[in-house]
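**Q** give me a model of this one.
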Amino acid sequence: MKADELFRRYAVGERDFRKVNLNKVNLREADLREINLSQAILTLADLTKANFSEAILCEANLVEVNLSQAVLTGANLMGANLEKAILYRASLQLVNLSQVLLDEANLTEVDLSKALLYKTSLRKAQLQQAVLCQAILQRAFLRGANLSQAILLEANLQEANLTNTDLSGVDLRKANLEAAFLVEANLFQANLEGANLSRAILTGAIMPDGTIYDSGSKD
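**A** Numbering: from 1, shown residues only. Below you'll find the predicted structure:
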């Protein structure tokens, strides 16, 4: 489908575009609030600054899509594929990203406040200075991700895999890291005030004071 046809049908009230093929489409700055693009193909699409508030993008193929500064507040992307996607400074508050593939995605300075990222894969993702206040990252896979200077205030990271993750300078106050895997993670200058680290695995982790965690010591 061409962008012009999509805009024309959307303008007359159509919202259901499930399984549509929009490969490499240019929807830059488009206003497509509440659209249903479940299982749609949007690979390599330019969605820069587009508005997808409350949209449904479940199981959509968004590999290498550009969503820089896009608005996806309240959108449902459960099960979508966003590998290597660019979401620089995107607004993703309250978004459902459960079981989404975000491996090697660029989420620098993104706002994921109160977002749901249950079992989401963020392997080697870039999340520098991202805002994840009260986000649910339970059982998320963040191995090798960069979260330096991110804000994870009161975030839920229970059983999350944070192996080799850069958490330097991160705000983890009151975060729940119970049973999280923090093997060889970098926590230098991280704020862990009030954080729950019970049963967390910290073998080889760089602690906030710069020391290496001794696996033989108590938590």
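**Q** Ile206 bridge partners, please.
**A** With DSSP bridges as the criterion, Ile206 is bridged to Asn186, Ile212.
**Q** can you start the count at 329 instead of 1 from here on
**A** With 329 as the first residue, the last one maps to Ile534.
**Q** tell me who's in contact with it.
**A** Counting by Cβ atoms under 8 Å, 6 or more residues apart in numbering, Ile534 makes contact with Ser496, Ala513, Asn514, Leu515, Phe516, Ile540, Tyr541. Where C-beta positions appear, they are placed from N, C-alpha and C, glycine not excepted.
**Q** let's see 10 Å
**A** 494-496, 510, 512-518, 540-541 (Cβ atoms under 10 Å, 6 or more residues apart in numbering).
**Q** next one: Ser381
**A** Contact analysis of Ser381 by Cβ under 10 Å, 6+ apart lists 359-363, 398-403, 419, 421-423.
**Q** do the same with Leu334
**A** Glu342, Phe345, Val348, Leu350, Val353, Leu355, Ala358, Leu360, Ile363, Leu365.
**Q** please settle this for me: is it part of a helix?
**A** Yes: applying DSSP: H, G, I helix; E, B strand; the rest coil, one finds Leu334 inside a helix.
**Q** among the contacts of Ile534, which ones are buried?
**A** Buried subset of these (neighbour count, 16 or more other Cβ atoms under 10 Å): Asp494, Leu495, Ser496, Leu510, Glu512, Ala513, Asn514, Leu515, Phe516, Gln517, Ala518, Tyr541.
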